[in-house]
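>>> return a 3D structure for these sequence lines:
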Amino acid sequence: MIAMETIEKLSREKLPKITVLAGEDLGQYSQAKEKFLKQIGFDSSDLTYSYFDMSETDYQDAELDLESMPFFADEKVVIFDHFADMTTAKKSYLDEKALKRLENYLQSRLVLMASGKLDGKRRLVKLLKRDALVLEANSLKDTELRTYFQKQAHQEGLTFDKGVFEELLVKSSFDFSDIQKNLAFLKGYKTEGNISSQDITEAIPKSLQDNIFDMTQLLLRGQIQDVR
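As a prediction, this is how the structure comes out:
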């Protein structure tokens with residue numbers, strides 16, 4: 001099951017003690033992060049949540065919040081965003097002593113989020129893979145993309161003429177974010193009936209790659225004015 005499908009089944013009540021969200025596919029990661037926060041009901045004004053941007057927060061300040069008991073609930077959800085210390089990025093916001101203290105923290109529900117590839121060589125990551133729900137928004141295989149977005153299109157009430165869904169994937173360069181965006185274009189453009197190849201052409205804006213292809217074809221046909 002891909003990360004987005006797992007996230008769709010989550011809620012605050014079903015949130016594990018520790019959750020890790022990471023991934024190299026930045027477009028998919030961004031959508032997964034947005035979906036995850038929505039699924040768990042995150043609200044910055046809700047005092048049962050604590051959110052820290054670790055690229056801007058001193059860990060000692062965040063740690064005080066980790067150690068404090070919640071006033072308005074049995075437990076709180078603590079979120080460390082941009083937590084690069086668990087990825088292969090050459091960044092580190094916590095020193096070894098702070099990381100060691102974090103390893104021992106299990107009092108509240110903790111969420112660690114960072115774009116990028118998890119660094120399997122780090123002791124912290126090894127512990128997280130052992131004890132946490134790890135969600136990785138990495139590039140999907142073509143079959144995984146096809147299956148996921150076929151389900152999503154069905155949920156949105158979109159149906160396609162034969163071969164047209166595959167055309168959509170090719171038009172989107174099999175990129176998660178582009179497919180998501182182009183499905184939204186199609187939903188707004190075609191309110192009823194099957195989506196045709198012509199609908200793909202008319203509803204989805206041309207990419208730079210499309211424009212270069214068109215320009216090349218015009219050059220080969222000698223249509224210089226159209227190229228200009």
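
>>> please count neighbours and contacts with C-alpha atoms only from this point.
Noted.

>>> what strand or helix carries Q60?
helix 59-67 (DSSP states H and E).

>>> would you mark the buried spots in that helix?
Using 16 or more other Cα atoms under 10 Å as the test for burial, helix 59-67 gives 59, 62, 65-66.

>>> give me the next element, helix or strand, following that helix.
Where DSSP H and E defines the elements, the next helix or strand beyond helix 59-67 is strand 77-81.

>>> got the contact list for that next one?
Identification of contacts with strand 77-81 by Cα atoms under 8 Å, 6 or more residues apart in numbering yields 48-54, 66, 108-114.

>>> most centrally placed residue in this protein?
With distances taken as Cα atoms, centre = their mean, Y29 lies nearest the centre of the chain, 2.3 Å away.

>>> could you check the pLDDT of that one?
We note a pLDDT of 95 for Y29 in this prediction.

>>> excluding its backbone neighbours, what's nearest it?
Leaving out its chain neighbours, the residue that sits closest to Y29 by Cα to Cα, 6 or more residues apart in numbering is A137, at 5.1 Å.

>>> pLDDT-wise, which helix or strand of this protein ranks last?
The weakest-scoring helix or strand in the chain, judged by mean pLDDT, DSSP states H and E, is helix 208-220 (a mean of 60).

>>> what segments of the protein are helices?
3-7, 26-39, 59-67, 96-103, 123-131, 142-155, 164-171, 176-189, 197-203, 208-220, 224-227 (DSSP state H).

>>> the residue nearest to the centre of the chain and A22 touch, don't they?
Yes: counting by Cα atoms under 8 Å, A22 is a contact partner of Y29 at 6.8 Å.

>>> mutual contacts of these two, please.
Counting by Cα under 8 Å, 6+ apart, the contacts common to Y29 and A22 are 115, 136-137.

>>> which of these has the most neighbours?
Of all the shared contacts of Y29 and A22, S115 has the most neighbours under the rule other Cα atoms under 10 Å, reaching 27 neighbours.

>>> and it, what pLDDT?
93.

>>> kindly report the same for Q223.
Q223 is assigned a pLDDT of 71 by the prediction.

>>> give me the phi and psi for it.
Note on Q223: its backbone torsions stand at phi -90, psi 70 [degrees, to the nearest 10].

>>> separation between the residue nearest to T87 when sequence neighbours are not counted and I7?
With sequence-adjacent residues excluded and distances taken as Cα to Cα, 6+ apart, T87 is closest to L118, at 4.2 Å. Distance, L118 to I7, using Cα to Cα, to the nearest Å: 18 Å.

>>> so for those two, which sits in the more crowded spot?
Taking other Cα under 10 Å, L118 and I7 do not tie; L118 has more neighbours (24 against 20).

>>> that one touches G23, doesn't it?
Yes: assessed by Cα under 8 Å, L118 is found in contact with G23 at 7.4 Å.

>>> not counting sequence-adjacent ones, nearest residue to K76?
Once flanking residues are discounted, K76 sits nearest to T48: 4.7 Å by Cα to Cα, 6+ apart.

>>> please read the previous query as pertaining to L168.
Of all residues not flanking L168 in the chain, I200 sits nearest, at 6.9 Å (Cα to Cα, 6+ apart).

>>> if anything else comes up later, I'll come back, but that's it for now.
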